[in-house]
Every structure is written in C-alpha cells, then in structure tokens.
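**Student:** what's the 3D shape of this:
(one chain, ligands or ions: 2)
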Amino acid sequence: MYDPKSANAEEFISHEEVLDTLKYAQENKNNIALIDQIIEKAKLRKGLTHKEAAVLLDCEIEEKNKEIYALAEQIKKDFYGNRIVMFAPLYLSNYCINGCVYCPYHLKNKHIARKKMTQDEIRKEVIALQDMGHKRLALEAGEDPVNNPIEYILESINTIYSIKHKNGAIRRVNVNIAATTVENYKKLKDAGIGTYILFQETYHKESYEKLHPTGPKHDYNYHTEAMDRAMQGGIDDVGLGVLFGLELYRYEFAALLMHAEHLEAAFGVGPHTISVPRICPADDIDPTSFDNGIKDEIFEKIVACIRISVPYTGMIVSTRESKNCRERMLRLGISQLSGGSKTSVGGYSEPEPEEENSAQFDVSDTRTLDEIVKWLMELGYIPSFCTACYREGRTGDRFMSLCKSGQIQNCCHPNALMTLKEYLEDYACPDTKEIGEALIQKEIANVPKEKVRNIVIDNLENISKGSRDFRF
Ligand code: SF4
Ligand code: SF4
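**Tutor:** Ligands and ions are numbered 1, 2, ... in the order given. Just a heads-up that it's a prediction; the model follows:
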C-alpha cells in the first residue's frame with residue numbers, strides 16, 4: 001500500500017503507485033486542460049506531486065512543452081539566479097565487494113587496477129585539488145568493510161579538512177558511500193560532512209535485484225531506506241539520484257519524486273540535491289548493453305520537469321555529460337557542476353598511466369576547472385565556490401525554509417562574488433581573471449541591499465589584499 005510517511009521502502013516507493021502514475025500520465029499526456037492546470041500550479045513555485053510531474057514529462061503537445069521549458073528556465077533563474085556551484089569528486093578507493101553490473105568497480109572485474117589511497121596520497125590529491133581552486137569535494141569510495149571501513153572514511157575526511165596549502169582549503173566534504181547504519185551516519189555527521197549522497201541507481205525493485213546480483217547492495221530495502229537512517233543519524237542534507245539508462249526513465253522519474261515526497265512527509269525536509277547521471281562508458285562497461293538509454297531530448301525534459309517539481313532542490317550534473325549537453329542543462333535547471341574531474345583513484349596529483357586504469361567512468365567533459373570557469377562566465381553565469389550554509393549551520397529544515405522563502409538568495413549571490421574573487425586572485429589564468437573581474441564589477445550592482453553591497457565591496461577589496469574566507 002502506498003504511504004509516503006511509511007518507513008518501508010516498498011510502501012513509500014510503492015510499485016503499484018508508480019504504475020498507476022505512469023498510466024495516469026499516459027492517459028492525460030494530451031489533456032490540455034489538465035496540463036494547463038498543472039503548469040499554473042507549477043508557476044506558484046511550490047512544486048508538483050509525482051503524478052502531476054509525470055503528466056508533464058509525458059506531455060506530447062509541442063506548445064505546452066515549450067511552456068514547460070520556459071518555466072523551468074524561469075524557476076531556475078528565480079531560485080538560483082545565474083550562479084553555478086562548483087565541486088570535484090575525490091575517489092578514495094575502488095575496492096568494492098558488490099556486483100553492480102553497470103559499474104567497473106564490481107567485485108568480479110579482475111581487469112581494473114584496484115587502488116586505495118593512503119592518508120599521504122590523499123594529502124597530495126587534496127593539495128592538487130586546492131591548487132586547481134576547488135573548495136567543495138564529493139568523496140567517493142566502493143563498499144568494502146575490510147579495505148574501506150567507516151574508520152578509513154572518517155580519517156580521510158579529517159585529513160582533507162586539515163590541509164591548508166597556500167590560500168587553499170576544502171571547506172565542504174560531501175560524501176557518497178554505500179548505505180550504512182544509523183551509528184555510522186552519526187559518525188559521518190560528527191566528522192562534519194556536508195551532504196550525504198547515495199544514488200538509488202533504479203527504484204524498480206525487480207530490476208534493482210538483477211542489476212545488483214551479489215553483495216550487500218543487493219538488499220533493495222536497505223539501500224532505499226538509507227536516507228531515512230541518515231536523517232535519523234542527524235544528517236539533514238541528503239542527495240538523491242538515479243542512474244538513467246538502467247530502467248525505464250518514466251518509472252525512475254516518478255519514483256525519484258516519490259522519494260523526495262517521502263523525505264518531506266517523514267522528516268519535513270526534502271532532498272538537498274538531486275543528481276541526474278546517465279550510464280556512460282567505463283572499463284568493462286558498454287552502455288549500449290543497457291537498453292533503456294535515453295536521448296538528449298528526453299534527458300532535457302527530465303531535468304526541466306524535476307526543476308519545476310522540486311524548485312528548492314539543487315541539481316547536479318557531472319562530467320559524464322559533454323560540454324554541449326551541460327550547457328543546455330544549466331539553463332533548464334542544473335545548479336551544481338563538477339569541473340576538472342578525475343574519476344580514478346589518485347588521478348589529480350599524477351596522471352594515471354594508461355595500463356593502470358582505475359576510473360569509475362570515462363569523463364566526457366575533460367576541460368580543466370579554469371576552462372570551465374571561463375566558459376561559464378562567457379555564458380553569463382557566476383561560478384561559485386561558496387560553502388557558507390553548512391559552515392553557518394544552515395542545514396536541513398533551516399536551510400529549506402530560507403530556500404523556499406527565497407531569502408537564501410541574499411546570501412548566495414554575494415557569497416558567489418566573494419568566492420569567485422578568491423578563485424581569480426589565487427588560481428585563474430590572466431584571461432579568466434580579466435573576464436571574472438569585469439563580471440564581479442557588473443554583478444555588484446545586482447546586490448539589492450545597500451548595506452550588504454557595501455560589505456561585499458569592502459570584502460572584495462580585502463580579498464585582493466590577501467584576506468580570505470568571507471561569507472554571509
Ligand atoms: S556502483 Fe558502487 S557499490 Fe556498485 S560496484 Fe560501483 S562502487 Fe561498488
Ligand atoms: S549561501 Fe548556501 S545555498 Fe547559497 S551557494 Fe552558498 S552554500 Fe549554497
């Protein structure tokens with residue numbers, strides 16, 4: 001039985017409810033009156049239910065689809081302005097005891113180079129990341145209680161936060177590790193993590209079990225209920241995501257929104273972020289062997305429909321996607337972007353020799369962080385290295401209420417300008433710096449409150465004189 005408040009995965013992601021939703025969406029995909037009504041509701045910027053969103057996803061009326069895209073772009077602007085938050089993944093270890101058939105880290109892959117970084121190697125990686133200009137990391141590790149126990153993850157987080165190299169600092173570590181216990185989530189919370197991210201991969205239980213034939217991840221309920229345990233452990237910023245291409249995208253889309261509704265219903269806080277990875281080539285993985293791959297047009301529609309359904313949630317796209325695809329996604333709803341990413345273990349400080357491939361997937365967008373920063377600014381975006389909320393204790397429902405009321409914008413915009421200024425001073429090449437300085441000058445005028453504007457102007461001046469880490 002479908003129950004968004006239930007603690008049981010099969011009740012808050014009820015298979016029957018997903019099927020009913022898909023049927024309803026198919027029946028109404030040309031129902032102009034209903035579609036208009038849903039679009040009007042979406043314009044209130046309070047979000048949509050999974051049923052309403054599914055109708056828009058299936059909508060076949062070209063004129064209405066144009067309205068959906070335009071609304072997604074508008075909502076993106078209203079909630080996120082022209083800022084894009086930057087981050088990089090850091091792979092600690094690719095040892096893994098699971099059998100996920102879409103990931104080259106699966107246990108049976110004897111071909112891939114297995115690596116686990118020592119704390120010294122992590123130090124080198126973090127210095128390399130700091131030297132690129134990164135301030136926010138997403139930590140990745142395979143599931144392996146012997147090689148990657150929680151103590152190893154905690155020690156690594158501690159190492160990362162402790163490194164102060166030149167003007168660099170990693171100020172927020174988000175963590176993407178396997179589903180674990182409430183006690184371990186408490187430990188992660190105490191270690192000062194930002195968001196806990198766990199991709200569901202697929203919400204379709206039967207497919208899930210086939211795609212995860214062996215290892216602890218095989219347990220669908222344990223995996224799907226992980227965010228509940230994370231919340232119980234005190235982590236109130238959690239990040240959802242599915243791997244598009246494994247199952248029918250319409251199924252995943254509806255279930256993903258049901259998961260967001262569940263978190264709202266059960267804990268009063270929706271997901272902090274939603275990631276939209278698509279399956280892509282990797283060591284022994286050929287994406288064409290999965291028959292649910294989605295074309296760019298469908299992918300765009302998914303991003304636009306998520307944007308208007310959960311306007312307050314940050315959306316992330318990684319370097320799995322090409323430059324052109326990312327450009328379109330940014331307009332439709334993406335608010336966070338990785339840049340200069342390496343998806344191998346230890347790939348930042350030294351390039352990996354070809355015969356030692358340890359990467360989780362092949363990167364499509366191979367540009368450096370500086371190239372991406374420059375490109376974003378040329379497109380009119382402000383690359384932001386802001387990490388202020390988590391450091392100011394603005395997490396969970398505190399963050400959401402500021403976000404939903406739109407007040408968070410008063411922090412995001414000035415923080416984006418100040419952290420971009422730090423980047424320009426410390427890491428940018430001359431061309432990027434020139435474009436960035438002009439952008440900051442132009443954007444200062446868009447800080448609405450005079451008092452805040454004057455503080456920003458002072459802080460920018462102090463940053464050029466060598467001070468760092470100002471924030472609202
Ligand atoms: S997706 Fe995660 S759990 Fe599965 S094989 Fe890869 S690293 Fe291991
Ligand atoms: S102020 Fe908070 S919400 Fe805004 S960019 Fe910074 S960390 Fe994100």
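
**Student:** Count the residues that sit near the residue in the stretch 151-300 of the chain that ligand 1 sits nearest to.
**Tutor:** Here the stretch 151-300 of the chain gets closest to ligand 1 at one residue, residue 217, 5.1 Å apart by C-beta to the nearest ligand atom. C-beta here means a position set from N, CA and C on the backbone, and glycine is covered the same way. Per other C-beta atoms under 10 Å, the neighbour tally for residue 217 reads 23.

**Student:** My read is that it contacts residue 179, right?
**Tutor:** Yes. In this structure, residue 217 is within contact of residue 179 by C-beta atoms under 8 Å, at 7.4 Å.

**Student:** Overlap of the contact sets of the two?
**Tutor:** The contact sets of residue 217 and residue 179 overlap at residue 223 (C-beta atoms under 8 Å, 6 or more residues apart in numbering).

**Student:** Just the pLDDT at the closest residue to ligand 2 within the stretch 201-350 of the chain, thanks.
**Tutor:** Residue of the stretch 201-350 of the chain nearest ligand 2, by C-beta to the nearest ligand atom: residue 314 (7.5 Å). For residue 314, the model assigns a pLDDT of 96.

**Student:** Quick check: it touching residue 272?
**Tutor:** Yes. With contacts counted by C-beta under 8 Å, residue 314 reaches residue 272, the gap being 6.4 Å.

**Student:** Between those two, tell me which one has more neighbours.
**Tutor:** residue 272 (27 against 21).

**Student:** How confident is the prediction for the more buried one, by pLDDT?
**Tutor:** Reported pLDDT for residue 272: 97.

**Student:** For it, which non-adjacent residue is closest in space?
**Tutor:** Of all residues not flanking residue 272 in the chain, residue 237 sits nearest, at 3.9 Å (C-beta to C-beta, 6 or more residues apart in numbering).

**Student:** mind listing what that neighbour touches?
**Tutor:** 194, 195, 196, 272, 273, 390, 395, 396, 399 are the contacts of residue 237 under C-beta under 8 Å, 6+ apart.

**Student:** again with residue 344
**Tutor:** 91, 115, 352, 357, 358, 359, 360.

**Student:** Tell me the most packed of those residues, by neighbour count.
**Tutor:** Ranked by the number of neighbours (other C-beta under 10 Å), the contacts of residue 344 place residue 91 first, at 27 neighbours.

**Student:** The residue of the stretch 201-350 of the chain closest to ligand 2 - nearest residue in space that isn't next to it in sequence?
**Tutor:** residue 273 is the one closest to residue 314 (C-beta to C-beta, 6+ apart), at 4.2 Å.

**Student:** Look up phi and psi at that neighbour.
**Tutor:** Residue 273 adopts backbone torsions of phi -140, psi 160, taken as degrees, to the nearest 10.

**Student:** That one reaches residue 260, doesn't it?
**Tutor:** No. Assessed by C-beta under 8 Å, residue 273 is found out of contact with residue 260, at 10.7 Å.

**Student:** All good on my end, thank you.
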